[in-house]
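Asker: dropping a prediction and its sequence here:
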Amino acid sequence: MIKILFICHGNICRSTMAESVMTYLVNKRHLSDQFQIASAATSREEIGNSPHYGTVNKLRAVGIPVVPHRAVQMTKQDYHKYDYLIGMDDANIRNMTRIANGDPEHKIHKLLEYAGSQRAIADPWYTGEFDVTYDDILEGCEAFLNYLTESM
């Protein structure tokens with residue numbers, strides 16, 4: 001089983017969108033029994049909150065079911081529990097590495113690395129651009145899933 005944790009600042013926009021998109025893509029390929037997918041925050045600001053309405057509206061508009069979710073914070077134990085900890089931007093990566101007390105097993109990555117890019121996925125909480133965020137997350141998740149299934 002491949003265990004993936006998507007992480008962003010608050011766990012209500014980008015990481016929950018990535019969790020839903022990746023779950024949808026995995027289910028579409030009939031691989032759900034081979035994956036465990038979740039999401040978390042680096043901050044405590046939104047703990048317990050449901051996904052942002054902009055994320056929910058965008059996923060509904062493209063026909064992707066929203067995974068039932070309440071925001072949680074990443075813990076040091078998550079580093080040992082998951083095979084891949086996937087952040088959305090450089091600040092996420094720094095905070096994830098701090099929470100995990102380093103990255104000795106090289107599990108921490110930015111999502112768009114798998115699409116051959118070092119660019120960040122912009123936070124729609126600030127930009128309001130949920131369409132752009134969705135496009136970047138879809139690109140990253142498709143590339144990440146292709147990467148993972150090549151070795152299966």
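Answerer: Arrived safely, thanks for sending.

Asker: in this protein, what helix or strand scores lowest on average pLDDT?
Answerer: helix 124-127 (a mean of 95; mean pLDDT, DSSP states H and E).

Asker: please name every helix or strand in contact with that one.
Answerer: helix 130-150 (3 or more Cβ pairs under 8 Å, 6 or more residues apart in numbering; DSSP states H and E). In this view, the C-beta of every residue, glycine as well, is placed from N, C-alpha and C.

Asker: just checking, what packs against the helix it packs on?
Answerer: helix 14-28, helix 53-61, helix 124-127.

Asker: looking at those helices, which one is packed in the most?
Answerer: Compared across those, helix 14-28 shows the largest average neighbour count, a mean of 24 (mean count of other Cβ atoms under 10 Å).

Asker: next structured bit after that one?
Answerer: Next helix or strand after helix 14-28 toward the C-terminus (DSSP states H and E): strand 35-41.

Asker: I figured Ile121 hits Gly140, correct?
Answerer: Yes: with contact defined as Cβ atoms under 8 Å, Ile121 counts as touching Gly140 (7.0 Å).

Asker: who touches both of the two?
Answerer: Jointly contacting Ile121 and Gly140 under the rule Cβ atoms under 8 Å, 6 or more residues apart in numbering are 111-112.
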